[in-house]
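Visitor: the following block contains a protein sequence and its predicted model.
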Amino acid sequence: MENDHPAAELDDALDSRLAQRLAGLRTERGWSLDDLAQSTGISRATLSRLERGETSPTANLLGKLCSTYGLTMSRLLGELEQQGARLIPRSAQQTWIDPETGFQRRLVSPPSRGFRMEMIEGALPAGAVIAYDAAPVRGMEQHMWMLGGVLDYTLDGVAYRLNPGDCLRFHIFGPTRFSCPGPDAAHYLIIVCEP
């Protein structure tokens, strides 16, 4: 019998690999769930459900975990797949969707050994807001290029309004906030380079 929902199965497989990776990161460091809860501010129960794959993490939760582990979100998600190819067809570019906001994040050029930069395509629905409490990697360089829609981006307490064609380049040291005032989704490309 043919599968009627291949995309749903791919999402389930990604969620399962993500749950395993989150559990692995914690155990590699010898941390208990209580240790991780204290470091991230995420409840022990929520962390346990994430590691068992009973719930999908939101962008906010992944941001807190990445900050604690010192990983970019791309690096965390990129580690779920084998990388290294020169050509990355669109069909092989992993997409993650935030279950809370509908934010879509596609790894156009995922992290890979031998490459310091990565490229991410983002689409934030109208009215959606995502806030990160801390930089995943302090001093990380980013270049954000708006492809469509409008995005209000707050960095170090300064708000920037990005319109199609605008480019914002910066280093992240503290909290950030993405907000899409609408009426269309904010569509952008981010180039990330770890320090």
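Guide: Arrived safely.

Visitor: pLDDT below threshold where in the protein?
Guide: For the chain, the stretches with pLDDT under 70 are 1-13, 78-84, 113.

Visitor: which parts of it are helices?
Guide: 6-28, 33-40, 44-51, 59-69, 73-78 (DSSP state H).

Visitor: compile those helices into CSV and extend it with columns for distance to residue 177 and mean neighbour count.
Guide: No exception for glycine: its C-beta is placed from N, CA and C like everyone else's. What follows is the helices of the chain, written out as CSV (distance: least, Cβ to Cβ, whole Å; neighbours: other Cβ atoms under 10 Å):
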stretch, distance to residue 177, mean neighbour count
helix 6-28, 24, 14
helix 33-40, 18, 16
helix 44-51, 22, 17
helix 59-69, 11, 21
helix 73-78, 15, 21
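
Visitor: and these as a markdown table, adding distance to residue 145?
Guide: As requested, these are arranged in a markdown table below (distance: least, Cβ to Cβ, whole Å):
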| stretch | distance to residue 145 |
| --- | --- |
| helix 6-28 | 26 |
| helix 33-40 | 31 |
| helix 44-51 | 32 |
| helix 59-69 | 20 |
| helix 73-78 | 16 |
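
Visitor: and residue 157, which of those helices is closest to it?
Guide: For the helices of the chain, the distance to residue 157 is smallest for helix 59-69, at 17.5 Å, taking Cβ to Cβ.

Visitor: what helices and strands are in contact with that closest one?
Guide: helix 6-28, helix 33-40, helix 73-78, strand 129-132 (3 or more Cβ pairs under 8 Å, 6 or more residues apart in numbering; DSSP states H and E).

Visitor: per-domain residue ranges of the chain.
Guide: What automatic domain parsing lists as the domains of the chain is 6-69, 90-193.

Visitor: nearest to residue 77, out of these?
Guide: domain 90-193 (5.8 Å).

Visitor: so who does the residue lying closest to residue 48 once chain neighbours are set aside touch?
Guide: Among residues not flanking residue 48 along the chain, residue 33 sits closest, at 5.8 Å (Cβ to Cβ, 6 or more residues apart in numbering). By Cβ atoms under 8 Å, 6 or more residues apart in numbering, the contact set of residue 33 is 26, 44, 47-48, 51.

Visitor: for residue 128, same thing?
Guide: Contacts of residue 128 by Cβ under 8 Å, 6+ apart are 101-103, 178-180.

Visitor: repeat for residue 46
Guide: 55, 61.
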